[in-house]
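Asks: Can you look at this prediction? I've put the sequence above it.
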Amino acid sequence: MAAVAHRIVTLTTDFGHQDPYVGVVKGVILSGCPDARIVDLNHEIPAFDIRAGAWSLKISLPYLPAGSIHLAVIDPQVGSNQRRIALKTRDFVILAPDNGLTSAFIFQAERAFVLDKPQFFGKSVSNTFHARDIFAPIAAHLLKGERLEKLGSEIDPGTLARLEGLEPEVSSGHLEGAIVYTDRYGNLITNIRAQEQNKFCQIELGKHVLTIADGSYDTIGDGETKVVIGSHGYLEIAVKQGSAASQIKARNGDKVIARWA
Amino acid sequence: MAAVAHRIVTLTTDFGHQDPYVGVVKGVILSGCPDARIVDLNHEIPAFDIRAGAWSLKISLPYLPAGSIHLAVIDPQVGSNQRRIALKTRDFVILAPDNGLTSAFIFQAERAFVLDKPQFFGKSVSNTFHARDIFAPIAAHLLKGERLEKLGSEIDPGTLARLEGLEPEVSSGHLEGAIVYTDRYGNLITNIRAQEQNKFCQIELGKHVLTIADGSYDTIGDGETKVVIGSHGYLEIAVKQGSAASQIKARNGDKVIARWA
Amino acid sequence: MAAVAHRIVTLTTDFGHQDPYVGVVKGVILSGCPDARIVDLNHEIPAFDIRAGAWSLKISLPYLPAGSIHLAVIDPQVGSNQRRIALKTRDFVILAPDNGLTSAFIFQAERAFVLDKPQFFGKSVSNTFHARDIFAPIAAHLLKGERLEKLGSEIDPGTLARLEGLEPEVSSGHLEGAIVYTDRYGNLITNIRAQEQNKFCQIELGKHVLTIADGSYDTIGDGETKVVIGSHGYLEIAVKQGSAASQIKARNGDKVIARWA
C-alpha cells in the first residue's frame, strides 16, 4: 500500500445526519490522530441496508487516493459475535463488520484480518456502537502508521461474508439483474453493466418495456422513460428532469431483464 | 488572485446527501491533490434549481478566503453541448456549467475560460457526471498551481449565460421582486435588498399585506407574520419561531411587491 | 487548556443541511484562520430545540481532542439582548448563546466570559445570524492563539443559564426521567444513566411496561420492545431492526419511570 502521509480516512455509514453519532466517530479518530483528514462519503445509506452500502463503497472507493483508510459501518448485528474485519487491497484498507459490506472488494483482497485485540479498542466497548469503540480507534492507529499485523489476526480473505445477487445472472438470450439503488433524482440504477459489445434491444422492469437512449438524459423526450448508460457504467432507468422511481413505482431489489438484440 | 497555499475548494451542488456522488467528487479532487481542503457549502440545492444555486453562491462565496476554488454543479443539461466554464474574479475562481449559475458574479469577472481541453479531464468522461469527470480534475489541477490559461480557452465574460429576474424591477412607487429561497425555518427570503434610504411602507405577497418589523425575529409578536431585514441584507418574511412558508403557503418564485412610504 | 496546534473547531447547530448557512459560517472561520480544521458534529438539531442541542453536546464533546473549540448555535432568541458566552473547561472552549445549551458542562467550567467586544466581531453584525457575525470570528481569533481574556469579559460561570430537567429525579423506589432524544433508527433515548449497581426491574413509558434486555439490540426477540443500555451509558428503548418511536408513539420530553427491583 502507498504511504499514508496524506492521512485520509473516509466514512460510509447508515447513521444519517440528524444524530451526533457521526460527530462522535470523528472525535475519536481525531483524538487518536489529530492530523487525520476525514472525508464523509455517505451517511445516508438506508438504515441496515448492507446491499446499498456495498454498492456505495463499490462505486466510491476506486476514486479515493491510494493509501486511504475506509471505515464502513452498516451493522444490523452490532453486539453479536459477528467478526469485525480489515480487508487490505493494493490501494486501501476497509474496516467493516464482516456482513457482506466488503463483497465488491473480496476478489482483490491481498490480506484480511479479524480485529480481535481489545488493547487497540477504545477504553470501554459498548454493545451498540462499534464504530466509535472499535473501528475509529483502529483507524487512528492505522493513520499513525501502526501495521495491520499488530492490530488484528490474519484470516483467509476467502472466509469473508459475501452478499448474493450483486451481479446479474446470464441466461440464454437475456440477463437477469436488479435495481440496486435509487438516487436523489429518482434514477433507478441497475447492476447491469453497460458494455458496448452487448447491445441490448430492450430492458424489462415489471410490465414496462424500455429502450436504450441514444445518449444522455437530455436525449430523452419530454415524458419519456428511457434507459441510459449511467456515469458509473451501469444501465439506469431515467426520466428527463423527472423521477423514474415515482413514475414507474419501482424500488431497490426489483428484477430487471435485459434482452439481447 | 491571492496565492492558493491554503488549497481550499468548496462544493455547491444539487446532489443531496443520500447518494455517494459527493463522496466520489471529493475522491477525485483528493486523488489529484491529496492536500486539498474541501469545504461543503451546500449539497441540498433543490434538484435542477439553477436559480436557488445562483442565490446560494451569491450569499456564500464572499465569505470564503481569497484564493479559493469554487466548484458549482447544478446541471439539468449535463451531457448536452453546453459549455463548462471557469469564471475568475479578483478573489476566486468558479468552475460551473454555463447555465446561469454564475450570474451573480459576471459583473466582477476579470476573465473567463471554456474548459475544452480533454487532456485535463478524468481518464474517461461520462455523459452524466461532469462534476466527477471534468470539474473535479480541473479543480485539482488549479489547486496544484496550474494556470487557467493552460486548462481552458479564454472567452469573453460577456458571453456567459445569465439568469433573468435575479434583481427586482423598479416601477413608479414600488419594486417588483420575488421569493428566491425558503430556508429550513420556513423564512421566505426575497431578492429585495433592505436599504435604509428606502423605507418601504408595506410588502405584498399574494393577498397578504405585511409590514416591516422594528427589529429582529424576536420583535415579532406571537402569531404575527412580519417582514424583517435578513442576515444577508435582503427582506424576508418571517413568523416568530414558526414557519412563514407553511402559514402563508408561498414558495420560491412567487411575486413580492414592495411599496414606498 | 492544551495547545491548539491542531486548530480543530467543531460545529453544532440547528441550521440543517439544505441552506447555505453552515457553509457561510465555515467561510468566515476559514477567512479568519485559513488552516482551521472544521468538524461538523451535528447540524440537524430540531429547529430551536435547545434541549436536544445540549444533549448532543453532552455526548459528543468528551470524544474530541483536548484543545478543540466548539461552536454551538441553537438560538431562538437571536437578536435579543441575551448574552453570547464562552465557557472554558480544562479541555476545551464552547462558544454559544447563553440559553442553556452549555448546561451539561457548567459544573466543570473553569472560567466563563461574555463576548462583548465588537472589535473582534465581523465587520457588520446582523440581528439574525450571530453564528456568522460573532461566534465564527471569535472562533477564528481563538484558533489563531488569541486569549479569551482579550476577546471577552470574565463572568462567574455560576451565572450561566441552565436547563431544568436534564437529570432525572429520584423518589422512593423509583427514578423519574424523560425521553431526551429520538435517533434515526427510532431508538428512544432516556436521561436515565445505566448503572450496574442499580438493577431496575422495569421501565414505564405511558402505558407500556418494559423490561431490560440481557444484552444488545440483537438479544431482543422479533416484535419485542425492550430497554437496552445504550452506547452512551443511558437506558434506551429499542425494537430489533425497527423503530421504537413509531411502535410506541412516544417522543422527546415524554416521562419515563424506572422502578427498582
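Replies: Here it is on my side, so go on.
Asks: hey, let's count contacts and neighbours off CA atoms from now on
Replies: Will do.
Asks: my read: residue A:100 touches residue A:165, true?
Replies: No. Counting by Cα atoms under 8 Å, residue A:100 stays clear of residue A:165, with 11.4 Å between them.
Asks: Okay, helices next: where are they in the stretch 51-200 of chain A?
Replies: Ranges of helices in the stretch 51-200 of chain A, per DSSP state H, counting those that start in this stretch, are A:130, A:136-143, A:148-151.
Asks: Quickly compare the ones you listed and say which is most buried.
Replies: helix A:136-143 (a mean of 25; mean count of other Cα atoms under 10 Å in any protein chain shown).
Asks: Which secondary structure elements does it sit against?
Replies: Packing partners of helix A:136-143 (3 or more Cα pairs under 8 Å, 6 or more residues apart in numbering or on different chains; DSSP states H and E): strand A:8-13, helix A:21-32, strand A:69-73.
Asks: cutoff 10 Å now
Replies: Judged by 3 or more Cα pairs under 10 Å, 6 or more residues apart in numbering or on different chains; DSSP states H and E, the packing partners of helix A:136-143 are strand A:8-13, helix A:21-32, strand A:69-73, strand A:93-97, helix A:148-151.
Asks: Residue B:70: which of these is closest?
Replies: strand A:8-13 (21.5 Å; Cα to Cα).
Asks: What number of residues are in the vicinity of the closest residue to residue A:174 other than its chain neighbours?
Replies: Distances taken as Cα to Cα, 6 or more residues apart in numbering or on different chains place residue A:259 nearest to residue A:174, at 4.3 Å, with adjacent residues excluded. Residue A:259: 18 surrounding residues under other Cα atoms under 10 Å in any protein chain shown.
Asks: what does residue A:124 give?
Replies: Residues near residue A:124, counting by other Cα under 10 Å: 9.
Asks: In this structure it contacts residue A:133, no?
Replies: Yes. The pair residue A:124 / residue A:133 is scored as a contact, 7.0 Å apart, by Cα atoms under 10 Å.
Asks: tell me, what's touching the two both at once?
Replies: With contacts taken as Cα atoms under 10 Å, 6 or more residues apart in numbering or on different chains, residue A:124 and residue A:133 have residue A:118 as neighbours in common.
Asks: who are the neighbours in contact with the residue nearest the centre of chain A?
Replies: Using Cα atoms, centre = their mean, the residue of chain A that lies closest to the mean C-alpha position is residue A:57, 2.5 Å off. Applying Cα under 10 Å, 6+ apart to residue A:57 gives the contacts A:11-12, A:41-42, A:51, A:70, A:72, A:94, A:101-105, B:20, B:23-24.
Asks: Equivalent analysis for residue A:18, please.
Replies: C:14, C:16, C:17, C:41, C:42, C:43, C:44, C:45, C:46, C:182, C:183, C:184.
Asks: just those residues that are near chain B?
Replies: C:14, C:16, C:17 (Cα under 10 Å from any Cα of the partner chain).
Asks: give me the number of residues near the first one?
Replies: Counted with other Cα under 10 Å, the neighbours of residue C:14 add up to 24.
Asks: do the same with the second one
Replies: Using other Cα under 10 Å as the criterion, residue C:16 is surrounded by 21 other residues.
Asks: Surely it is in contact with residue C:22?
Replies: Yes. The pair residue C:16 and residue C:22 qualifies as a contact (Cα under 10 Å) at a distance of 7.9 Å.
Asks: hey, what's in contact with both of the two?
Replies: In contact with both residue C:16 and residue C:22: residue C:43, using Cα under 10 Å, 6+ apart.
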